[in-house]
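Peer 1: Have a look at this prediction, sequence included:
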2 protein chains.
Amino acid sequence: MTPRDNQYQAPLLAQIISTGDEVLTGAVVDSNSAYIASALLDAGLHVVRHVTVGDDAVRLKDLLIEVGQQADITLVTGGLGPTVDDITAAAAADAAGVNLRENADALASIEKFFQRFKRPMNQSDGKQALFPENAEILVNPVGTAPGFTMKIGKCTFFFLPGVPREMKIMLNDTVVPLIQKNFIPQRQRLHYRERQISLFGLPEAAVNEQLILPSKQFKNVKLGMLANFPIIMVKLFAYGSDVESIDADVDNASRLVHETLGEWIFSSTGGTMEAAIGKLLELGNKTVAVAESCTGGRISDMLTNTAGCSDYFLMSAVTYANKAKMEILGVLPETIEAYGAVSEETAREMAIGIRRVSGADYGISTSGIAGPSGGTEEKPVGTICVAVAGPDRVISKRRVLSFNYRTANKDIFAHFALDMLRRELIN
Amino acid sequence: MTPRDNQYQAPLLAQIISTGDEVLTGAVVDSNSAYIASALLDAGLHVVRHVTVGDDAVRLKDLLIEVGQQADITLVTGGLGPTVDDITAAAAADAAGVNLRENADALASIEKFFQRFKRPMNQSDGKQALFPENAEILVNPVGTAPGFTMKIGKCTFFFLPGVPREMKIMLNDTVVPLIQKNFIPQRQRLHYRERQISLFGLPEAAVNEQLILPSKQFKNVKLGMLANFPIIMVKLFAYGSDVESIDADVDNASRLVHETLGEWIFSSTGGTMEAAIGKLLELGNKTVAVAESCTGGRISDMLTNTAGCSDYFLMSAVTYANKAKMEILGVLPETIEAYGAVSEETAREMAIGIRRVSGADYGISTSGIAGPSGGTEEKPVGTICVAVAGPDRVISKRRVLSFNYRTANKDIFAHFALDMLRRELIN
């Protein structure tokens, strides 16, 4: 081993370029770049920049030349298709100062794809077999457009399709192994760790405020916060060369977050509310049934998203009409008459009713006003009544949680009801 | 009017920069840039590039200097908070070659925010009041960190927080009006049009293949395709200076898409399947009720996402357990015994049962295996049986639609069932 191999070497610098007018104009959110960034970090590269440009051959050529001077490895997605907007191969050839040439293997693979779909191939489809003459082809096992790899300046570029499914398969099966084989062994590998902590019931600003002090004690750990309505996801992440040390740093940061916000945390592994409920029901060997009005089936849908839910989820009645509330759940007409369908009294009878009909240990119910219409001064849009009927007691709450559009209200109503059940289960 | 005012002027070039390790590493998808791009296009700018960099003051400074030579207007998000990672103001000052200075108005506004949340303010929070000395403050009405605007090179930069809610409010209420007031009147304004066409039932590759030929006849219209599983969204978009001409171009492209794929299209306005169903039920003055097994409430949840659904949606029974299928819906024990719960026979009795119990015009039902376990050789994971019981007839279908994870299967099952109802309603 020479001294040079022995000393610390900076990680390879990587950039990501996504092309396409649909991304540039904002018609489509660029989720490819985030996916590629994670994969390249995991492969041991240091990602320093993402860039998006449109279907503009001159701008793309200029960018490829510029990045060719800056980065060691660059992933480019998009613009490999058959239409006139697909200008990536031509821009790459221009940037490297070489010609486009038809690649026989690529042409054969495109022809095969068309035969499979029993469609005639057009002249312009053959365009997808034109590549810069110094490029190596990257096979696309799931679509027509092959990718390619070549050097421009000092940088090795990998060009992949923009279709997420095709890009992901080619990235994982071909590009990352190529990078690891050709580049990583000689370099110091970076490791990446992240922890996702999920909270419900506090606004983002309050979570943010409460974490200002503890985050000052984080060592090497970055704090990300993602409001995935109505959930707040706190992300703790770190990267470095020593796995044990970054693991310890992330553990410590996680402990500080739990000390500050424990009551509101329902998952420390990035899990959903329904998965947390499922785990609690399984642990306690309990079952649940649901009577939904304003949530319209969302609670049942959530609970049945978890595999194995049939062990604890028995049934649900979405009783939108009052007639259904009375006939299926046995809610008394007098209760609805005296207090209204949206009332703690009706919610309690719904929860008791579904518990009785189903034979479950816990019955939960919702009745409220998801909007946009149907609100009154006394019961505005956003009013939600929830009841939980358990083996020992029936509890109910009424709140106004309005987020101005219907699906958001259903979402927060459903989470509010499940969080009431969660707190009852850990009591 | 001078000749110069009279001649065509190129639109102003805009760039978008998002900063933050959480975006750079892919921990968070950058949806801010797409939002900003749409807003700037609408305001009449020509967006040419988005760039993402991490919390790295040197790289950000270099990028600001570079972009300051290229663009006319640049939006920057992120890095305005109180922590050591928030380096945007310092990088901007460096790039412009000026000092940081405390801004009294900004400090007062931050102090006010902390008083509102009744929290002590820390030394480091005051850091958010430090700005490049030639910057103008942009008030943040919903968070602690104010934004700012300043020139670097030939470009006017607007710096906004990275929190989407704060960014959006400041962009719409402050930045876009400022841009329109100060820059747009002197320039030619670009208009943007898009059309969203939603399809269900064809794989993305097939939609792609089928649109190759018609898209060759598009004039000035770009084709975007977004697989928003299990829906394929075809986006047609165009921008130019003559509204009437781009409207006609988009109309024409839309007509070509409908001629090719009409049967699979359920919305020409970017609407959801449930909204399309709701419209058909309202038009026909019909009602619906749902009996769900494997979809677990998703169909009810979807149908009740549409405001006004109580006019046509009566109720739903999520009968996960066989006992519930028999007791609530009247499915015969012999049917389940002879054919199994997952069978067209059981699905038909469920649909007939929920139609009878609810009094609805249409009853629809699902019974299937969402996975990951529960599959057999005869009925693998992904098996779905759907029935629609209407005033005139009962129809049923059995398919295997497997996408390897449970929620995706529930999603496609629910859409498959609703699409069966849709085709029955337009028959």
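Peer 2: Done, it's in. Computed from a predicted structure; not experimentally measured. Residues are numbered from 1 along each chain as shown, chains lettered A, B, ... in the order given.

Peer 1: Contacts only, for the residue of the stretch 301-427 of chain A found nearest chain B.
Peer 2: Distance from chain B to each residue of the stretch 301-427 of chain A (CB to the nearest CB) is smallest for residue A:304, at 2.7 Å. Where you see a C-beta, it was placed from the backbone N, CA and C, and this is true even at glycine. Contact analysis of residue A:304 by CB atoms under 8 Å, 6 or more residues apart in numbering or on different chains lists A:313, B:295, B:296, B:297, B:298, B:318, B:320, B:370, B:410.

Peer 1: Pull up the gap between it and residue B:291, please.
Peer 2: 14 Å (CB to CB, to the nearest Å).

Peer 1: How about residue A:249?
Peer 2: Taking CB to CB, one finds residue A:249 at 52 Å from residue B:291.

Peer 1: what's the answer for residue A:250, then?
Peer 2: Counting by CB to CB - residue A:250 and residue B:291 are separated by 47 Å.

Peer 1: Neighbour count for those two, which is higher?
Peer 2: A direct count of neighbours by other CB atoms under 10 Å in any protein chain shown for residue A:250 and residue B:291 places residue B:291 higher, at 34 against 20.

Peer 1: Contact partners for that one?
Peer 2: B:316-317, B:319, B:325, B:329, B:350-351, B:353-354, B:363-366.

Peer 1: Please apply the same query to residue A:359.
Peer 2: A:287, A:314.

Peer 1: What strand or helix carries the residue sitting furthest away from the middle of chain A?
Peer 2: In chain A, residue A:334 marks the outermost C-alpha relative to the chain mean, sitting 46.2 Å out by CA atoms, centre = their mean. In this assignment (DSSP states H and E), residue A:334 forms part of helix A:333-339.

Peer 1: Then residue A:193?
Peer 2: Going by DSSP H and E, residue A:193 is part of strand A:191-200.

Peer 1: quick one: is the next helix or strand after that strand near chain B?
Peer 2: Under the assignment DSSP H and E, the closest C-terminal helix or strand after strand A:191-200 is helix A:204-215. Yes: using CB under 8 Å from any CB of the partner chain, we find that helix A:204-215 touches chain B at A:204, A:205, A:206, A:209, A:212, A:213, A:215.

Peer 1: neighbouring contacts of helix A:204-215?
Peer 2: Residues contacting helix A:204-215 (CB under 8 Å, 6+ apart): A:199, A:202, A:223, A:225, A:227, A:232, A:234, A:253, A:256-257, A:259-261, A:264, B:82-83, B:117, B:119, B:122, B:125, B:142-143, B:163, B:165.

Peer 1: list the buried ones in it?
Peer 2: A:204, A:205, A:206, A:207, A:208, A:209, A:210, A:211, A:212, A:214, A:215 (16 or more other CB atoms under 10 Å in any protein chain shown).

Peer 1: how about the strands in the stretch 1-150 of chain A?
Peer 2: For the stretch 1-150 of chain A, the strands defined by DSSP state E, counting those that start in this stretch cover A:13-19, A:46-53, A:73-77, A:100-102, A:130-132, A:136-138, A:147-152.

Peer 1: For stretch A:386-402, what does the pLDDT average out to?
Peer 2: For stretch A:386-402, mean pLDDT rounds to 95.

Peer 1: again, but for stretch A:62-72
Peer 2: 95.

Peer 1: what are the C-alpha coordinates of that stretch, in PDB please?
Peer 2: In PDB, the C-alpha atoms belonging to stretch A:62-72 read as follows (Å, rounded to 0.1, in the frame of the first residue of the first chain):
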ATOM      1  CA  ASP A  62     -23.700  24.400 -21.800                       C
ATOM      2  CA  LEU A  63     -24.700  22.900 -18.500                       C
ATOM      3  CA  LEU A  64     -23.000  19.500 -19.300                       C
ATOM      4  CA  ILE A  65     -19.800  21.300 -20.200                       C
ATOM      5  CA  GLU A  66     -19.900  23.300 -17.000                       C
ATOM      6  CA  VAL A  67     -20.700  20.300 -14.800                       C
ATOM      7  CA  GLY A  68     -18.000  18.300 -16.600                       C
ATOM      8  CA  GLN A  69     -15.500  20.700 -15.100                       C
ATOM      9  CA  GLN A  70     -17.000  20.500 -11.600                       C
ATOM     10  CA  ALA A  71     -18.100  17.000 -10.700                       C
ATOM     11  CA  ASP A  72     -16.700  13.500 -10.700                       C
END
